[in-house]
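>>> Sequence first, predicted model second:
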Amino acid sequence: MPYAALVERTVPVPRKKLYALLADFGGIGKIMGDAVESCVLEGEGIGSIRRVKAKGSPDVLAERLDAAVDGLLISYSLVGPSSLPLEYYNAVVTLRDAPGGATTIEWGSNWFPKGAPEDSVRRMLIGLYSAIIEQLVAAAK
């Protein structure tokens, strides 16, 4: 099944470095810096919940870690209420080795729009994934 929103980029960072940052599920602030006001992790491993408050947002988003395949994949879902214009959100981040020690990142998600046009939600998520990937690369260096 194709993703409703997808960003694919090849970046000059080894896969294991990127995966280490992503696998630190409660450490989203290490990637996003000042954009994250707070992040509280409840539990460990698969099924853990991170509660993230982005700077300037009224929401604390609850995201559940659904899958983690060492070095290759992270999957998470939005759980609980939010003011985001979507529902039933699930994202999958895959990492593949690319030539020269680089990594291809594929960040995709499926969801249903809620109170906004589907294309508007798609553009919002593509912008978010692109920004996170840039921050992820900066954090990995």
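Yep, it's here. Residues are numbered from 1 along each chain as shown.
>>> From now on I want contacts and neighbour counts done on CA atoms only, so please keep to that.
OK.
>>> Name every strand pairing with the helix or strand hosting R9 and say which way it goes.
Using DSSP states H and E, R9 falls within strand 5-11. Here strand 5-11 is paired, per DSSP bridges, with strand 102-113 (antiparallel).
>>> Tell me the buried residues in the partner strand?
For strand 102-113, the neighbour count (16 or more other Cα atoms under 10 Å) marks 103-111, 113 as buried.
>>> ok, now stretch 37-51?
38-41, 48-51.
>>> From start to finish, how long is that stretch in a straight line?
11 Å (Cα to Cα, to the nearest Å).
>>> contact partners of stretch 23-30?
Residues outside stretch 23-30 that contact it (Cα atoms under 8 Å, 6 or more residues apart in numbering) are 21-22, 35-41, 50, 65, 68, 74, 139.
>>> Off-centre distance for the least confident helix or strand in the chain by mean pLDDT?
One helix or strand of the chain scores below all others by mean pLDDT, DSSP states H and E: helix 28-32, with a mean of 92. Using Cα atoms, centre = their mean, to the nearest Å, the distance from the centre of helix 28-32 to the centre of the chain it belongs to is 11 Å.
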